[in-house]
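Visitor: Any chance you could fold what I've pasted below:
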Amino acid sequence: MSPVKSKRQDGQTVSLVVLFMLAVIIAVGVFLRGQAFLATEVVEPLQAGSADAYALAQTLSSQGAYKVLTAPIEAGSDADSAQTFGSLGYPLFLSLFATPEAGASSINAAVIAQLVLGALAILLVFMLTSRLMDPQWALTVAFLTAVSPSLVNISLYLVSATLLMIAMLLYLVTAAKISDRWAIIRSFIAAALLGIVAWVDPTYEFLILPWLVVLFMSSKGVSKLFTPVAAILGFTLVFGPFMARNQEAIEIPIATAPIAASIQQGLPPAQTSDAAVQAGETTSPAAAIGQLGGSFIDDPRGFLKWYFVEKPKVLWSLGEPAGVEQTFVYPVAATPYTENPIFLTSEEFMQLLYGPVALIGVLGAILVWLPIAGRRLTPKQRIGLRSVSLVLIYATLAKVFGTAAPQYATPLMPLLFVMALTPLYLITAPRLEAAPKKESKSKAKANEAKEEAGEAQPEAA
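Guide: I've put the predicted structure just below:
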């Protein structure tokens, strides 16, 4: 059933049923997240990246965000200078809850806010999928998002994954409507939301470039030029101040040190120590890429296996069925996934389903770029699904050639669920009828002249 037909057949009844089922799914997601919050005990919530982000959040809270964004961090601050110029989105979010003493109440307040955002993600992923497919597919994606142990547990930690997921879904929900009326305005808003994504995780600061190509190739007429231009303006409006601050503080618009460090940390295990000993740590991405090329020259087969087999398996938790322990960012002293039957059932369900879903999702991410998608998808669906696929491909490549860990793929799981349903949707969706070709003006004028000449001949006779 096509999306147009599904709206025409008993539209009010279907809408009420869908809304009721969505409300039930959201309620299930809220229940799981609430119970996980009450029954999970993180051994040490502030460690590694979480401690750095919270320290910067304390600085933002005490000094004021505007002052921090317009002037260097005061001397003696506990904030990590590398993160100051690498990412500010999540520390800004934490600054709403941060206190000087970093007490349990402030940490719990931030976690509760993330749990609310996690429940909101269920609604957003439903909105995204319902714009691209029929309602039953959207409900399926929403249900998988609601019960996934990875998505339930990730909100319990002070990491940027939940905020990144919300920002990414908002961007894609807007991008899915670009081919409709007001395409220029929607592309501007979508690109501005992509700028927020880049504030939260600078990994995505270059995603705008391939997305501009998608917009250009998918637009027609004057929109082919103005839609990408509007997107550039929207992204620059939001992310431009971040780049301007970097330019003033570290004399470069984009912090390259985290990029170089990520590439070095992601080198094959046998060569990581050698690179550190021979070349030392570098802040130049060019030097890090040179080390990457050197590892390929030294062992091409091992390089390909490491980057295109081993690291994707680690990133997306493929291979052996993933245990719930893999969904924990930091160790826990207690979790409902060890004894609560509801949580154990949801864990077993996702363990059984995740492998096939991930593999079919890879197929879906490829299919949307092939001619079969053009024959069965509307322009709006093509832009939306290709934008989802682009995020997955871009993020996978960025993390595979950098630091790969399951927590980096967790915010992208709802998008993987969308891609997993795409092949099934393409199989069941009817082929679109080709629009009749319009005659050219010259041909139309010639036909009119022939008709006038034919009418004039009988009169002359």
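
Visitor: which residues of the stretch 51-200 of the chain fall in helices?
Guide: Under the criterion DSSP state H, counting those that start in this stretch, the stretch 51-200 of the chain contains helices at 65-70, 81-86, 89-94, 104-132, 135-147, 149-154, 161-175, 183-200.

Visitor: Compare these and give me the one nearest Leu38.
Guide: Comparing the helices of the stretch 51-200 of the chain against Leu38 with CB to CB, the closest turns out to be helix 104-132 (10.6 Å). Where C-beta positions appear, they are placed from N, C-alpha and C, glycine not excepted.

Visitor: Which residues belonging to the closest one are considered buried?
Guide: For helix 104-132, burial by neighbour count (16 or more other CB atoms under 10 Å) applies to 106-107, 109-111, 113-115, 117-132.

Visitor: So Tyr337 is in contact with Leu344, correct?
Guide: Yes. Applying CB atoms under 8 Å as the test, Tyr337 and Leu344 come out as touching, 6.6 Å apart.

Visitor: which of these two has more neighbours?
Guide: Higher neighbour count among Tyr337 and Leu344: Tyr337, with 23 against 14, using other CB atoms under 10 Å.

Visitor: quick one: contacts for the more buried one?
Guide: Neighbour list for Tyr337: Pro149, Val324, Phe343, Leu344, Glu347 [criterion: CB atoms under 8 Å, 6 or more residues apart in numbering].

Visitor: Select from the residues you listed every entry located in helices.
Guide: The helices, defined by DSSP state H, take in Pro149, Phe343, Leu344, Glu347 from those.

Visitor: where does the stretch 51-200 of the chain have low pLDDT?
Guide: Along the stretch 51-200 of the chain, segments meeting pLDDT under 70 span 65-86, 180.

Visitor: run the last query once more with 80
Guide: Applying pLDDT under 80 to the stretch 51-200 of the chain picks out residues 52, 59-88, 100-104, 179-181.

Visitor: try the stretch 201-350 of the chain
Guide: For the stretch 201-350 of the chain (pLDDT under 80), the answer is 219-224, 242, 244-262, 266, 269-288, 292, 317-332.

Visitor: which residues in it form strands?
Guide: Counting by DSSP state E, counting those that start in this stretch, the stretch 201-350 of the chain has strands at residues 332-334.

Visitor: rewinding a little: in TSV: the helices of the stretch 51-200 of the chain, plus distance to Leu315.
Guide: Formatted as TSV, the helices of the stretch 51-200 of the chain follow (distance: least, CB to CB, whole Å):
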stretch	distance to Leu315
helix 65-70	32
helix 81-86	20
helix 89-94	20
helix 104-132	20
helix 135-147	19
helix 149-154	12
helix 161-175	13
helix 183-200	18
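
Visitor: right, and those - which one's nearest Phe308?
Guide: When the helices of the stretch 51-200 of the chain are compared for distance to Phe308 using CB to CB, the nearest one is helix 149-154, at 22.9 Å.

Visitor: what packs against that closest one?
Guide: Judged by 3 or more CB pairs under 8 Å, 6 or more residues apart in numbering; DSSP states H and E, the packing partners of helix 149-154 are helix 11-39, helix 104-132, helix 161-175, helix 341-367, helix 413-428.
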